[in-house]
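K.L.:
no sequence on this one, just coordinates:
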């Protein structure tokens, strides 16, 4: 008789009526595959003149969550287009950011009205 049985019997319990249960449970846990985030890349970044005053900047990225364009142009979604008022021959930098870092691309603003 175990110490536990003796204690239960001393408390007035009928140990012979108690059943002992030993259970081994095997739990098979399989993790779902985790997709690795892909690297951020800039697929295209162009600057074209819209008449003589404005520049249209257009971009396409992969795996970016946002894009920022320097010279105060702004912050945008990962793919898009915006109009900006920039000087001729200005070198414009686009920075795309995402879960695994960032990527940059540059474009030079064309001369006014094709001059």
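P.N.:
Done, it's in. All of these numbers come straight from a predicted model, not from anything done at the bench.
K.L.:
and the spatially most central residue of the chain, what pLDDT?
P.N.:
Central residue of the chain (CA atoms, centre = their mean): residue 99, 3.5 Å from the mean position. We have a pLDDT of 92 for residue 99.
K.L.:
make sure it is actually in contact with residue 65.
P.N.:
Yes. At 7.3 Å, residue 99 counts as touching residue 65 under the criterion of CB atoms under 8 Å. For glycine as for every other residue, the C-beta is placed from the backbone atoms N, C-alpha and C.
K.L.:
show me where this structure has its strands.
P.N.:
Using DSSP state E, the strands found in the chain span residues 41-50, 54-62, 66-69, 74-76, 80-84, 91-98, 101-108.
K.L.:
turn the ones you listed into a markdown table, including distance to residue 9 and mean neighbour count.
P.N.:
Formatted as a markdown table, these follow (distance: least, CB to CB, whole Å; neighbours: other CB atoms under 10 Å):
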| stretch | distance to residue 9 | mean neighbour count |
| --- | --- | --- |
| strand 41-50 | 75 | 15 |
| strand 54-62 | 74 | 19 |
| strand 66-69 | 72 | 20 |
| strand 74-76 | 77 | 13 |
| strand 80-84 | 80 | 14 |
| strand 91-98 | 69 | 19 |
| strand 101-108 | 69 | 15 |
